[in-house]
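Asker: With the input below, show me the fold.
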Amino acid sequence: MKISTKGEYGIRAMLELARRHGDGYIQSTDIASVRHIPENYLYQLLITLRKAGLIRSRRGPQGGHMLARVPERITLAEVVIALEGPLEPVTCVQDGVVEDCSFFGQCVVRDVWQRITDATYNILNETTFAELTRKEAEVRADEQQA
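Answerer: Numbers count the residues shown, from 1 in each chain. Have a look, this model is predicted:
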């Protein structure tokens with residue numbers, strides 16, 4: 001699995017919304033500026049994240065974007081899947097696809113791909129945006145002390 005620019009920028013946007021959780025709606029221009037994301041690209045990512053149920057958006061002068069749930073209840077897996085699609089490195093380990101493979105039942109590598117998929121999912125699913133924002137705050141504090 002390789003995270004594209006879309007995934008990277010989307011994760012950055014979610015980090016900013018998690019960092020500012022409880023501050024109300026955050027305007028996309030603020031997110032773009034703080035996280036160095038092109039505004040036009042960010043707009044498309046925010047639509048995807050909203051459709052996935054990860055953020056809420058409101059139009060108007062008091063509008064903007066906010067997390068749909070508390071950062072403790074949003075995982076990195078949810079965001080990566082919403083932006084990048086399935087985590088599986090090959091289609092034969094995707095749900096409902098295995099029987100479509102002409103090598104099903106005799107492929108010795110499929111189990112490796114499944115283990116990689118499971119490990120990746122477990123790591124991403126155990127990582128919440130609350131944890132990421134705490135780590136980010138620690139890194140920033142360390143940088144200021146140096």
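Asker: What are the boundaries of the helices in this structure?
Answerer: In the chain, the helices defined using DSSP state H lie at 5-19, 28-35, 39-51, 76-84, 110-126, 129-145.
Asker: If you count neighbours, what's buried in the third one?
Answerer: Judged by neighbour count (16 or more other C-beta atoms under 10 Å), helix 39-51 contains these buried residues: 42, 45-46, 49. Placement of C-beta: from N, CA and C, glycine included.
Asker: picking that back up, quick one: which of the helices of the chain is nearest G64?
Answerer: Nearest to G64 among the helices of the chain is helix 28-35 (6.8 Å), distances taken as C-beta to C-beta.
Asker: ok and that closest one relative to helix 39-51, angle-wise?
Answerer: Per axes from the mean of the first three to the mean of the last three C-alpha atoms, to 10 degrees, the angle that helix 28-35 makes with helix 39-51 is 110 degrees.
Asker: Which other helices and strands does helix 28-35 contact?
Answerer: helix 5-19, helix 39-51, strand 64-67 (3 or more C-beta pairs under 8 Å, 6 or more residues apart in numbering; DSSP states H and E).
Asker: Taking helix 5-19 as reference, get the angle to it.
Answerer: Relative orientation of helix 28-35 with respect to helix 5-19: 100 degrees, computed using the same axes, to 10 degrees.
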